[in-house]
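Undergrad: Task: produce atomic coordinates for the following.
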Amino acid sequence: MATLPPRKNPTPTKFTRENLTPLETLLQMGFSKQRALKALVATGHKGPQLAADWLLAHVKDPTIDSNTPRDFIIYLCPVGDLKEQLSLFWEKSRHLMGWNGAHNSFPHITLSSSFSCAHPQVEQLVATISKVTSKIQEDLSKTKLNLERYMSPNFFGLFVKKEHESILKQLSIDLCQEIRNLGLKCEPYLKPYHLTLAYQFQPSHFVGLEELAQDIDTGADCGWQLRLYSYENKTAGSDVYKVLYAHVPREPDELELVIGDFIFVTPEEVAKTCDGWVVGVSWLTGSTGYLPFNYVERSAETNAWTLHALLPLISGENCEGEVEPGEGSSSSVDRLMEAHTTAQGSDTIHGRDIELEHLYSKVCKPGRESPAGICDPTNENTGHNSSGEEVVSSTTPTFNSSPRQVFIARHGERVDFTFGSWIPYSFDSEGNYERKDLNMPGSIPKRKRGPEGFARDCPLTAVGSFQALILGEAMKSSGVEIQHVFCSPSLRCVQTCHNILTGLGIAQKVKMNLEPGLFEWLAWYQDSMPDWMDAEELISAGYNIDATYKPYISADELQDCQESCQQFYIRNFFVTQCALQATEEVGGNVLLVAHAGSLDTCTRQLIGKDPRPVNSLMSIVRKVPYCAVAMVEEVINDEDELFGHTSPTPSRYCDGRISPGCVSSVSLLSRSTIRTPAPPPREWRLVNPPFPALTHTSVATFDWNILLDKEQ
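TA: Residues are numbered from 1 along each chain as shown. You can find the predicted model right below:
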């Protein structure tokens, strides 16, 4: 065998994924350099995954290829006790007196003018600011900035006292000088340094604001952070609104609303609307479209900014440099968290990045063109199954004259909690199932992974199936009607749902929509997630599954085992709202079959309450027995009567015209449609189900040997 001759030039070091920069990673993924740089800057250089999500979300953004640089600004932000008092002042003043100019931002002292920076220079800019800050941090770390209260008929603020103005002035000059050395036009802020409390308020609010301002202790413990933010100037002149309710577009020119997103709307657009619909631009996607104005709420414009640098400058006695929600936002990270929870602990920023990834996932995945559960318009007519029976789907009009109802049921008794490690003695060496106890299921569906697939996805016991059956029968005898069904993909939930529908007498008429977003808290699955049976397997096992259903949250998206309790609430609430939105036009009641926590996580925010902390949720979970049911009912008021709650929400097009699907400008969109008033957001309340609860007890396995006489 011939020997290999030696090589003079050895193979150069192979670049591994770990050696690639975020930009190189995005380029390898196929994104252009211009888009990759833009995405990295827009997400605060938090890594290639977040940037890739941003690019996928903005695929229909008409400005995606624009090279317009972002505007940057440097703030000095308080943390600690003073910050808490300022936040409380903000909230109280907004609640009691309404919006004023100070609510457009969080508490801060401005150190520079706004300036533009091209995308390739941003990392160099951040490094320069970090370098300047580190040089002066030691000298300033123990400095205490003394503040004094200032109030006038048109302005409230806390001003830095004269003895410390020179410190901030020199800091501002040094920072801006180094930034100008990069070729950027940045001017220091040399006016009196202050924290704004209120301005642009009505004269009648002066006394109330004065009373609130007097409660602020200007000597409270406080640390200070230097922060670099950026924002897009394309939305200049627009106000920022956060989404309160999800909206699934019904017409080509409508904007999809995802809870947690922010929408840019101009004051002129708000002033001229006569029907409750306005044109806005989504921060999350960059898309433009119509939205119902009562589905959003005014928010601070800084919530849509991107944080690039956070540098502790002055230490407080009890301040470790925390970042408050709405301030450390990597873009719109607070979308979900601000509306539903407060980030906690030292992982605040990391938690926000997780939230942003979760939010992007709602718009990045394929198959989102049509709402889940809504089929193609050409197939809207009621179908029939092979036996000729009428099949009810999410597009079958029901026009129920009563308020809509949602029933959330926990699954029935599960095998593993009843028998423990049951798989080894219930299957032979060839994988054949053998019933070893009368409470074990009479048969078990075949699955691709064989018996081991049941380890994390167990079936119901015989009692569990009976529980679900008599629950369905009780619902039927109480006059409950179900038109739409969404079910967790866990086998125990599918079997429970099947038996409930059997008891209702509609198992062959109403299809089950498998929705992974209804699965229980992911934190309980640290080692691995269940391997659920797919729709094909379940259909083969005799379950009436809608194989065409596209879930709102796919199984692939449920991989974050560090999911917080608040994120769990938000995920279940998101699915619940989407299910209601998707079935609103056709009307009818909804059945959700899931897990113990679902009775609260699917209803808590629907009725206007905040998510519970972990301990409170666990307390409730322990009190939810098998096949327990929670019920929420739509609240009908005068506005609902006006818009007709007994029929589908009216179309915005009086004459049936459809405006162009490709919307390129706000002005074109505003002129091209004829609209009817926007429907009001739906209100819901928890009510007592019209059928009895199910009570049962556990018993030990009977051992006939106890009847034998014991040997002496």
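
Undergrad: all contacts plus neighbour counts: C-alpha atoms, from now on.
TA: Noted.

Undergrad: isn't Gln526 right next to Leu558, touching?
TA: No: between Gln526 and Leu558 there is no contact under Cα atoms under 8 Å: 11.8 Å.

Undergrad: ok, the two, which is more surrounded?
TA: A count of neighbours by other Cα atoms under 10 Å puts Leu558 above the other of Gln526 and Leu558, at 16 against 11.

Undergrad: Wait, the more buried one touches Ala523, no?
TA: No: using Cα under 8 Å, Leu558 makes no contact with Ala523, being 10.7 Å away.

Undergrad: how close does Glu536 sit to Asn544?
TA: For Glu536, the distance to Asn544 equals 10 Å [Cα to Cα, to the nearest Å].

Undergrad: Specify which residue of those two has the higher count of neighbours.
TA: A direct count of neighbours by other Cα under 10 Å for Glu536 and Asn544 places Asn544 higher, at 20 against 12.

Undergrad: Now do stretch 475-494, average pLDDT.
TA: For stretch 475-494, mean pLDDT is 96.

Undergrad: How about stretch 50-61?
TA: 89.

Undergrad: Now do it: distance to the chain's middle.
TA: Mean C-alpha position of stretch 50-61 versus that of the full chain (Cα atoms, centre = their mean, to the nearest Å) differs by 17 Å.

Undergrad: which regions of the stretch 351-500 of the chain sit below the pLDDT cut-off?
TA: 351-401 (pLDDT under 70).

Undergrad: which residues in it form helices?
TA: 415-419, 423-426, 462-477, 491-504 (DSSP state H, counting those that start in this stretch).

Undergrad: Most tightly packed of those helices?
TA: helix 491-504 (a mean of 26; mean count of other Cα atoms under 10 Å).

Undergrad: ok, Pro489 - how many residues close by?
TA: Pro489, neighbours per other Cα under 10 Å, totals 27.

Undergrad: rewinding a little: now the common contact residues for Gln526 and Leu558.
TA: Residues touching both Gln526 and Leu558 (Cα atoms under 8 Å, 6 or more residues apart in numbering): none.

Undergrad: for Glu148, phi and psi?
TA: When read as degrees, to the nearest 10, the backbone of Glu148 gives phi -130, psi 140.

Undergrad: tell me the contacts of Trp283?
TA: Asp261, Phe262, Ile263, Phe264, Ala304, Ser332.

Undergrad: Go through the residues you listed and name the one nearest Ile74.
TA: Ala304 (15.8 Å; Cα to Cα).

Undergrad: Now do the closest one against Phe573, distance only.
TA: Ala304 is 23 Å from Phe573, by Cα to Cα.

Undergrad: same check, this time on Glu301
TA: 26 Å.

Undergrad: Can you classify the closest residue to Thr695 other than its chain neighbours by secondary structure?
TA: Nearest residue to Thr695, sequence neighbours excluded (Cα to Cα, 6 or more residues apart in numbering): Pro625, at 7.9 Å. Assigned by DSSP: H, G, I helix; E, B strand; the rest coil, the conformation of Pro625 is coil.

Undergrad: wait, what's in contact with Pro625?
TA: Residues in contact with Pro625 (Cα under 8 Å, 6+ apart) are Arg410, Ala596, Thr695.

Undergrad: ok, now which ones touch the second one?
TA: What it means is Ala596. Ala596 touches Arg410, His411, Val621, Val624, Pro625, Tyr626, Ala628, counting by Cα under 8 Å, 6+ apart.

Undergrad: The first one now?
TA: By Cα under 8 Å, 6+ apart, the contact set of Arg410 is 493, 593-596, 598-599, 624-629.

Undergrad: Which one (most neighbours) among the residues you listed?
TA: Most surrounded of the contacts of Arg410: other Cα under 10 Å gives Val593, at 34 neighbours.

Undergrad: More neighbours: Glu301 and Phe573, which one.
TA: Phe573 (24 against 20).

Undergrad: what's downstream of whichever strand or helix holds the more buried one, the next helix or strand?
TA: Assigned by DSSP states H and E, Phe573 falls within helix 565-582. Following helix 565-582 in sequence order, the next helix or strand is strand 590-594 (DSSP H and E).

Undergrad: by contact count, what packs against the helix or strand just after that following strand?
TA: Next helix or strand after strand 590-594 toward the C-terminus (DSSP H and E): helix 598-601. Judged by 3 or more Cα pairs under 8 Å, 6 or more residues apart in numbering; DSSP states H and E, the packing partners of helix 598-601 are strand 405-410, helix 565-582.

Undergrad: any idea how far Pro551 is from Asp531?
TA: Per Cα to Cα, Asp531 is found 17 Å from Pro551.

Undergrad: Which one of the two is surrounded by more residues?
TA: Neighbours were tallied for Asp531 and for Pro551 using other Cα under 10 Å; the higher tally belongs to Pro551 (20 against 17).

Undergrad: Contact partners for the residue nearest to the more buried one when sequence neighbours are not counted?
TA: Nearest in space to Pro551, with sequence neighbours left out and distances taken as Cα to Cα, 6+ apart, is Glu515 at 5.2 Å. By Cα under 8 Å, 6+ apart, the residues touching Glu515 are Phe486, Cys487, Ser488, Pro489, Pro551, Tyr552, Ile553, Ser554.

Undergrad: List of residues touching the stretch of helix or strand Phe264 belongs to?
TA: Per DSSP H and E: Phe264 is located in strand 262-265. By Cα under 8 Å, 6+ apart, the residues outside strand 262-265 that reach it are 235, 238-243, 278-284, 304, 332, 335.

Undergrad: how about the helix or strand just after that strand: buried residues?
TA: Remark: after strand 262-265, the chain's next helix or strand is helix 267-272, criterion DSSP H and E. By neighbour count with 16 or more other Cα atoms under 10 Å, helix 267-272 contains the buried residues Glu269, Val270.

Undergrad: what packs against helix 267-272?
TA: Where contact means 3+ Cα pairs under 8 Å, 6+ apart, helix 267-272 is packed against strand 277-282.

Undergrad: where in this structure is pLDDT low?
TA: Residue ranges of the chain with pLDDT under 70: 1-18, 316-401, 637-681, 706, 710-712.

Undergrad: Leu147 is in contact with Gly219, correct?
TA: Yes: at 7.3 Å, Gly219 and Leu147 qualify as touching, with contact defined as Cα under 8 Å.

Undergrad: quick one: which of these two has more around it?
TA: Remark: of Gly219 and Leu147, Leu147 carries more neighbours, 20 against 13, as counted by other Cα under 10 Å.

Undergrad: ok, now which ones touch the more buried one?
TA: Leu158, Phe159, Val160, Lys161, Thr218, Gly219.

Undergrad: What does it show for phi and psi?
TA: Leu147 adopts backbone torsions of phi -120, psi 150, taken as degrees, to the nearest 10.

Undergrad: got it, and the one 3 residues further on?
TA: Note on Tyr150: its backbone torsions stand at phi -130, psi 130 [degrees, to the nearest 10].

Undergrad: Secondary structure class of the closest residue in space to it that isn't next to it in sequence, three-state.
TA: Leaving aside its sequence neighbours, Tyr150 sits nearest to Gly157 (Cα to Cα, 6+ apart; 5.3 Å). Three-state call for Gly157 (three-state DSSP): strand.

Undergrad: so who does Gly157 touch?
TA: By Cα under 8 Å, 6+ apart, the neighbours of Gly157 are Arg149, Tyr150, Met151, His194, Leu195, Thr196, Leu197, Ala198.

Undergrad: do the same with Ala246
TA: Ala246 sits in contact with Glu256, Leu257, Val258, Ile259, Tyr295, Phe574, Gln577, Cys578, Gln581, where contact means Cα under 8 Å, 6+ apart.
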